[in-house]
Each structure stands twice: as structure tokens, then as C-alpha cells.
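K.L.:
please find the sequence and the predicted model below.
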Amino acid sequence: MTNDEENFAGLLRHLDDGPDRPPRVDLVTAMREARRRRRNRRTLTASVAGMAAVAAVAAVPLAVRADRPAEQGPPMAAGTLASASLPPTSSGPTTCTAELLPIPGGARFSQVTGGDPTGRYLLGRSSQKYDGRSISYPMIIWDGDQAREVRLPGSDQLLADINPSGVAVGVAYTGDQPQPYVVRSGRATRLPGVAAGVAKAISDDGRIVGARQVGDRQLPVLWPAPDKTAVDLPLPGPQWQGIAIGVDSDGTVVGRIQIGFQGAMRAVVWRSGGKPELLPLPSVTGGMAIEFAPQSFQGGWITGTAYRNEGNGSIHAVRYQLARGEYAPVPANLMTSAGNGQGWMVGLVAPRDAGLITDGGLVRLPDLAGRTSLGAGAVSVSDDGQVIGGTLGTNLDRRGIDDLRAVRWRCH
């Protein structure tokens, strides 16, 4: 890889430390933000980093090497993936079309930050301008084509997840401290039991997971219900830290943890009331992965990204079926942002290109004119694969800055 490719891949990996996630203004700003977050450990969220990453995707034409899993044959060349043409008998959508989401007040910058498993709800935020500084963002909840603005106190607000009942969770900063929030019927309420922390995901029945911050450390927590006090999830040892990234209604929780700040990321499972179970590292092209960063847990599927090299030169989409206790083959590759209850994934195919992987293969996500590789990022996918939320870069101006717009892809 070139130095720029390594820097971009490293940026995306480090922006991955908190709830996510992807896509966003210029690469220099994003890299500066990533370094700042590593210094002060505000890695619990992808709030400012979230919008910075979409802009980097939209503005920087780099190539990131993304090899296929070992089960799928030889590695791909840098920046390439399997054909987007799928056989007629393949499972899942084969084509997608993009549509802009309505934005209250018509803000220039907007992004989708999450969605529910049914595809009914999408989450996002907007701003009239974005310069990499800490500002206050109006939150948006889309119910179909209806957009409702929601206000959270503080700054760097981000809604990360929403369940089919329309209950959303996220984070907002008070000074330099992240505060976890739940939003019900348009009203934001602080989650109890942590002085500082973030809410990352919510189950269909209202269980919430995330992390609390203690000094420089982040420790995974579970809120059994929105009004219940947070409970610490046990870790394998005193040096471990991390965040819970998903929870099912049966009480199973999935997280990503590491030893200290520099340790390799590992996927961990807490079955209801049980001890932490570290998942084995996956086998990928060229050998065993050195770390696995899960991004989503839905319908028994854990999806995320595995890394083989210290320099981030080898990136692999990975999915693990918890009921079978094994990794399942992935028919194409991308840097995973989110997954669904069928083990399908959305994410970055290349820095300017977003895609959906189903059991049938890869579908690239187009812009409004049907073109691909022009600055797209996807961050949510419904369980049927028919609704994908994300961001598009539009209207490149003379300074090389895109208008970033919240978008929904309809797929069939």
C-alpha cells in the first residue's frame, strides 16, 4: 500500500473504536480528529468522527486493499471486489436506487447514523456547516418519509440505534464528557447509572448496551431497560476494556474489547447473565486474522471487519453465526459498517464507494444518477435488505467540498 492508502485505512480503523460510524469533511480534518480522540480517549463515540469519515469517503480517491476471506479463493487486487452482477437465483436484492431524505430546515450537511431492523426508521443529524469543530447538531428521526427533529443537550450529538418501536439511543457531550441518552416519543432522557458513557444499541424489547467511561478507560455496560441503572458486563481480566455493540431480546450481548489502549480488538459474547466468551479469530486470506472488530449483532449474526496485518493493509468482511458457533463464508468484501439479521453487510467497498453484501454477492450502491464510486457511505441495512441508510456527496464546489446528504437506498 502507499502511505496515503495506509493512512486512510488506519483512519477508518481508529474511527471504529466507538459506536460508529462511517462516512464524512476532508481527510486532513478527519485524521486530526482521529489523533485527538486517541489522545483524550473520546473513542466511545463516532460523533464528530462520524461526519468526518463520510466526508473523507466523498472527497478522497484512494484505494484500500480489501482481501476476500480465505474460503472464497485468491485475494483481490487493491481497491477491487467481485462483480456486482448477481445470478438470477441469488439470495437478496440485486439492484438499489438512491433517494434523498427530507431535512428539516434544509441544512446543507446531513447524514444517516443508524436504522431499525424493519427499515421503517432511520436516524441522522444535520448542520448548516461542518468545519471539524465541536458543534451542536439537530437530531433527525425519519419514520418512512416523515422527518422529525429531536434536540439533545450538549454538543457532538449522535443517535446510534433505534428499535422497531421507535425508541432510539445515542450520545451527547457535556464539555469533554460523553453522556448516554434514550429518546422516546421525541423526548431525550439521560440513561441512569453512569457518570459518563455512551449508548450504542437497543434490542426490540428495550435492553440497551454501550460503555461507561472511567478516567481513560471504557467499560461495557447493559441497561436492562431505559429506566434501569446500568450494569457492568464482566471482562476476561483487569486490563481489558471495550464497548458492547449489540443486544438481542434473549439477553445475549456482543461487544468488542481489547487489553489496554493498544491491544488487538476481539469479539466477545455475554450470554444472558453469563461470563465473557471470546470468539476465536477468523481465518482469512493469507492466514489467521490478528484482530476482529464486530460492528453489529442482529438476529444471531455478528458482523464486522477483521485485520490481518499491523499496517491495516489487509481488511476482511467477516460474519459469525452465533447459533452454529462458526464463521460463515462471505461472497464478496468491504469494510463493514453494519449488518442485519441474515448476516448481510453494508460498508465501504473503496473510499468513495459503498456496497451491500448478500448471500448472492456484492451490490454497489449508486448515487442519484445511478453512478457508483462517487462518494457514498452506508451505515444501516434492514433485515430484508430492502432499505439502506447512508450519506452521499453531492454538488462539489470550487473548494472541493461536497454537500453531504442523508440518503436512503431502496433495494430489490
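P.N.:
Thanks, I have the structure now. Since we're looking at a predicted model, the values are computed, not measured.
K.L.:
switch to C-alpha atoms for all contacts and neighbour counts from now on
P.N.:
Noted.
K.L.:
list the residue ranges of the stretch 201-350 of the chain that fall below the pLDDT cut-off.
P.N.:
The model of the stretch 201-350 of the chain has pLDDT under 70 over residues 310-313.
K.L.:
quick one: contacts for residue 194?
P.N.:
212, 230 (C-alpha atoms under 8 Å, 6 or more residues apart in numbering).
K.L.:
so for stretch 302-322, what gets flagged as buried?
P.N.:
Under the neighbour-count criterion of 16 or more other C-alpha atoms under 10 Å, stretch 302-322 has 302-308, 312-321 buried.
K.L.:
buried set for stretch 144-151?
P.N.:
Buried-residue list, stretch 144-151, by 16+ other C-alpha under 10 Å: 147, 148, 149, 150.
K.L.:
neighbouring contacts of it?
P.N.:
Under C-alpha under 8 Å, 6+ apart, the answer for stretch 144-151 is 101-104, 120-121, 138-142, 186-188.
K.L.:
how far off centre is stretch 119-128?
P.N.:
14 Å (C-alpha atoms, centre = their mean, to the nearest Å).
K.L.:
what about the closest residue to residue 100 other than its chain neighbours, helix or strand, and which?
P.N.:
Nearest non-adjacent residue to residue 100, counting by C-alpha to C-alpha, 6 or more residues apart in numbering: residue 407, 4.5 Å away. Taking DSSP states H and E as the definition, residue 407 sits inside strand 403-411.
K.L.:
likewise for residue 169?
P.N.:
strand 168-174.
K.L.:
relative to that strand, what are the paired strands and their orientations?
P.N.:
Paired with strand 168-174 in the same sheet, following DSSP bridges, are strand 155-162 (antiparallel), strand 177-184 (antiparallel).
K.L.:
nearest to residue 364, out of the ones you listed?
P.N.:
strand 155-162 (23.7 Å; C-alpha to C-alpha).
K.L.:
quick one: residue 297 and residue 303 touch, right?
P.N.:
Yes. Between residue 297 and residue 303 there is a contact at 6.6 Å, judged by C-alpha atoms under 8 Å.
K.L.:
overlap in contacts, the two.
P.N.:
Between them, residue 297 and residue 303 share the contacting residues residue 339, judged by C-alpha under 8 Å, 6+ apart.
K.L.:
what angle sits between the helix or strand where residue 125 lies and strand 168-174?
P.N.:
Assigned by DSSP H and E, residue 125 belongs to strand 121-127. Angle, strand 121-127 to strand 168-174, by axes from the mean of the first three to the mean of the last three C-alpha atoms, to 10 degrees: 20 degrees.
K.L.:
and for the closest residue to residue 247 other than its chain neighbours, the neighbour number?
P.N.:
Excluding the flanking residues, the one nearest residue 247 by C-alpha to C-alpha, 6+ apart is residue 253, at 4.4 Å. Residue 253: 29 surrounding residues under other C-alpha atoms under 10 Å.
K.L.:
try residue 215
P.N.:
Residues near residue 215, counting by other C-alpha under 10 Å: 9.
K.L.:
same check on residue 394?
P.N.:
Quick note: residue 394 (other C-alpha under 10 Å) scores 18 neighbours.
K.L.:
can you name the residues bridging to it?
P.N.:
Residues in beta-bridge contact with residue 394 (DSSP bridges): residue 403.
K.L.:
tell me how far it lies from residue 253.
P.N.:
Applying C-alpha to C-alpha, to the nearest Å, the value for residue 394 to residue 253 is 38 Å.
K.L.:
and for residue 349?
P.N.:
28 Å.
K.L.:
now do residue 236
P.N.:
Look at residue 236 and residue 253: by C-alpha to C-alpha, they are 15 Å apart.
K.L.:
also residue 336?
P.N.:
19 Å.
K.L.:
low-confidence ranges in the stretch 1-150 of the chain?
P.N.:
In the stretch 1-150 of the chain, residues with pLDDT under 70: 1-90, 130-134.
K.L.:
nearest approach to residue 378 belongs to which of the strands paired with strand 168-174?
P.N.:
Proximity to residue 378, assessed across the strands paired with strand 168-174 by C-alpha to C-alpha, is greatest for strand 155-162 (13.4 Å).
K.L.:
so how far is the helix or strand where residue 293 lies off the chain centroid?
P.N.:
Using DSSP H and E, residue 293 sits within strand 291-298. For strand 291-298, the separation from the chain centroid amounts to 9 Å (computed by C-alpha atoms, centre = their mean).
K.L.:
other residues contacting whichever helix or strand comes after it?
P.N.:
Sequence order places strand 301-307 as the next helix or strand after strand 291-298, per DSSP H and E. Identification of contacts with strand 301-307 by C-alpha under 8 Å, 6+ apart yields 254, 282, 289-297, 313-322, 335-343, 345.
K.L.:
so what's residue 212 up against?
P.N.:
Counted by C-alpha under 8 Å, 6+ apart, residue 212 has contacts 194, 195, 196, 197, 198, 218, 219, 220, 221.
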